[in-house]
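# here is a sequence with its predicted model. Questions after.
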Amino acid sequence: MLTPVTVMPVIFDQLQSAPAGFPPSAAPLSAFATLLVITVIVLKAKGPLRLWAAIIGIVAGSLVAGAFGLYDIDRIADAPWAGLPNVEWPGLDSSFGPAFWGLLPAFLFISVVCTIQTISGSIAVQRVAWPSPRVADFRTTQGAVAAAATGNLLSGLAGTMPIGFRPTGTSMIELTGISSRRVGIACGGWLSLWLFFPRRSP
C-alpha cells in the first residue's frame with residue numbers, strides 16, 4: 001500500500017506537466033490509453049499474451065503521446081548505440097538526523113512486509129513449479145529471504161533501487177509453464193546486457 005501512496009503524487013504531477021503549447025488533455029489521454037490497453041489485455045486476453053500487456057500498453061500510450069507531439073525521440077536518436085553505464089556513488093550518510101529517525105519506522109515496516117511477501121511468494125512458486133504437489137522446502141524459502149536481504153543491502157550501499165520478490169512470477173509460471181532456474185538466469189543476464197546499449201535501454 002505504501003508503494004502507490006508514494007508513487008501516485010508523482011504520477012498526478014506528470015499528468016499536469018504537458019509542455020507549453022500542447023493541449024492540457026494530452027498527458028491524461030496518453031496515460032488513459034496506456035491503462036485501458038493494459039486492463040483490457042489482462043482481463044480479456046488468454047495465455048502468454050497477458051505477459052505482454054505492459055509493453056503493449058506502453059506502446060499504445062506512446063502512440064497517443066506521439067499524435068499530440070509529446071513523444072520526444074531526440075534523446076533516443078542522440079544516444080550512442082553502445083556505451084558504459086555512468087558510475088556514481090552518493091556515499092554514506094551517518095549523521096542520523098531527524099530525517100533518518102522519521103523514516104526509520106516506515107522502512108522497518110516495509111522490511112517486514114517484504115520479508116512476508118518473499119516467504120509467501122517462494123512457497124507459491126514452489127507449488128506451481130512442480131508438476132505434482134510437494135511439501136514446500138523451507139530451506140529454499142530461507143535462501144530466498146537471505147538472497148533478498150543481501151540484494152537489498154548491496155543496493156543500499158550502492159545507492160540503487162532495491163530489489164523485491166514479486167508475486168507476478170507465480171502467474172508467469174502458470175501461463176508459460178516455464179519454471180527453470182536456468183531460464184531465469186538467462187533472462188537476468190540478457191537484461192543486464194541492455195545496460196550497455198543506451199539507445200535501447202528503458
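Everything's here; your move.
# tell me where the chain has helices.
With DSSP state H as the criterion, the chain has helices at 2-15, 26-44, 53-67, 74-78, 98-129, 138-158, 168-176, 181-193.
# avg pLDDT for the fifth one?
Think helix 98-129. For helix 98-129, the mean pLDDT works out to 87.
# how about that helix: buried residues?
Of the residues in helix 98-129, those with enough neighbours to count as buried (16 or more other CB atoms under 10 Å) are C114, T118, I119, G121, S122, I123, A124, V125, Q126, A129. (C-beta placed from N, C-alpha, C; glycine too.)
# lowest confidence element among the helices and strands of this structure?
helix 2-15 (a mean of 73; mean pLDDT, DSSP states H and E).
# now do that one against helix 98-129, angle only.
Interaxial angle, helix 2-15 versus helix 98-129 (axes from the mean of the first three to the mean of the last three CA atoms, to 10 degrees): 110 degrees.
# contacting residues around helix 2-15?
Residues outside helix 2-15 that contact it (CB atoms under 8 Å, 6 or more residues apart in numbering) are A27, P28, A31, A106, F109, I110.
# same question for stretch 147-159.
Residues outside stretch 147-159 that contact it (CB under 8 Å, 6+ apart): 88-92, 114-115, 118, 161-165.
# between these, which is nearest A146?
Closest approach to A146 among the contacts of stretch 147-159 (CB to CB): T118, at 9.6 Å.
# residue contacts, the closest one?
T118 neighbours (CB under 8 Å, 6+ apart): T141, A144, V145, A148, G164, F165.
# let me know how buried A136 is, in neighbour terms.
14 (other CB atoms under 10 Å).
# ok, now which ones touch it?
Going by CB under 8 Å, 6+ apart, the list of residues near A136 reads S122, I123, Q126, R127.
# which ones are touching the last one?
Right, R127. Contacts for R127 (CB under 8 Å, 6+ apart) come out as P133, R134, A136.
# will you turn the residues you listed into JSON lines that also has distance to G102?
Supplementary listing: the contacts of R127 in JSON lines, determined by distance: CB to CB, whole Å:
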{"residue": "P133", "distance to G102": "47"}
{"residue": "R134", "distance to G102": "45"}
{"residue": "A136", "distance to G102": "38"}
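# now S122: how far from V128?
Using CB to CB, to the nearest Å, S122 is found at 12 Å from V128.
# I misspoke; the intended subject was S25.
The value you get for S25 to V128, if CB to CB is used, is 43 Å.
# do the same with D78
The value you get for D78 to V128, if CB to CB is used, is 44 Å.
# just G188 next, same as before
Distance of G188 to V128, computed by CB to CB: 20 Å.
# can you redo the contacts of stretch 147-159 as a markdown table with distance to S179?
Formatted as a markdown table, the contacts of stretch 147-159 follow (distance: CB to CB, whole Å):
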| residue | distance to S179 |
| --- | --- |
| E88 | 37 |
| W89 | 36 |
| P90 | 37 |
| G91 | 40 |
| L92 | 39 |
| C114 | 22 |
| T115 | 23 |
| T118 | 17 |
| M161 | 26 |
| P162 | 25 |
| I163 | 20 |
| G164 | 20 |
| F165 | 15 |
